[in-house]
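*Asks:* what shape does this take:
(one chain, ligands or ions: 3)
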Amino acid sequence: MNKYSSSALIIGSIVLSFSAQAKTDTNNDGFFSREELIASSHARIEKKFAQADANHDNKITMDELAGQKLSVAKAADADKDGVITLAEAKKHSEATVDKRMAKKDTDKDGKLSKEERQRKTS
Ligand SMILES: [Ca+2]
Ligand SMILES: [Ca+2]
Ligand SMILES: [Ca+2]
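*Replies:* Ligands and ions are numbered 1, 2, ... in the order given. Okay, the predicted model is just below:
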C-alpha cells in the first residue's frame, strides 16, 4: 500500500515539473532581452508545431492547421507554398518579437523591463 502511494507521489511530481512554465528571464536580471524573448517564443513554437504537425514531417500544411488561426499561418508562410516549415514558424516568431520590442521597449535599451512589459501600448 505504501508502495502505491509513493509511486503516485513520484508521478505527481513529474507531471508538475513538466507543466512548470518555461521561464523567459533565463539570466534572472529582471529584463526580457530580445534573445530571451526569442528563445521562449521558439520553445512555444516548437511545442505548438509538434501538436499541429499530425504526420511529423516537420511541415505544417494548411489543412493540419484547420480551425486554427489561418491569418497567422499565412503570414508565417514566407514563401507562400501553403506549407509552414519549422524554420518559417521560427522566423515569424522572431519578427513578432521584434515588433513587440519596437512597441514596448520605450527607452530603446534592447530589453523589456517589468514596467515596459506591463505598460499598455494599444
Ligand atoms: Ca534577462
Ligand atoms: Ca512555406
Ligand atoms: Ca527597455
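*Asks:* pLDDT score for the most centrally placed residue in the chain?
*Replies:* Geometric centre of the chain, nearest residue: residue 44, 2.4 Å, by Cα atoms, centre = their mean. At residue 44, the pLDDT value in this model is 90.
*Asks:* how about the one 4 residues further on?
*Replies:* Per-residue confidence at residue 48 stands at 86 (pLDDT).
*Asks:* quick check: residues of the chain near ligand 2?
*Replies:* Within the chain, the positions adjacent to ligand 2 are 77, 79, 81, 83 by Cβ under 5 Å from the ion. C-beta coordinates here come from the backbone N, C-alpha and C atoms, glycine included.
*Asks:* how about the contacts made by residue 107?
*Replies:* 113, 116 (Cβ atoms under 8 Å, 6 or more residues apart in numbering).
*Asks:* if you could redo that for residue 23, that was the one I meant.
*Replies:* Contacts of residue 23 by Cβ under 8 Å, 6+ apart are residue 40.
*Asks:* in stretch 91-101, what counts as buried?
*Replies:* Buried positions in stretch 91-101, judged by neighbour count with 16 or more other Cβ atoms under 10 Å: 92-94, 96-97, 100-101.
*Asks:* which one of the residues you listed is nearest to residue 49?
*Replies:* Nearest to residue 49 among those is residue 93, at 10.4 Å by Cβ to Cβ.
*Asks:* packing partners of the helix or strand harbouring the closest one?
*Replies:* Residue 93 is part of helix 86-104 when elements are defined by DSSP states H and E. If you count contacts as 3 or more Cβ pairs under 8 Å, 6 or more residues apart in numbering; DSSP states H and E, helix 86-104 packs onto helix 34-52, helix 70-76.
*Asks:* show me what the helix or strand following that helix is packed against.
*Replies:* On the C-terminal side of helix 86-104, the nearest following helix or strand under DSSP H and E is strand 111-112. The helices and strands touching strand 111-112, judged by 3+ Cβ pairs under 8 Å, 6+ apart, are strand 32-33.
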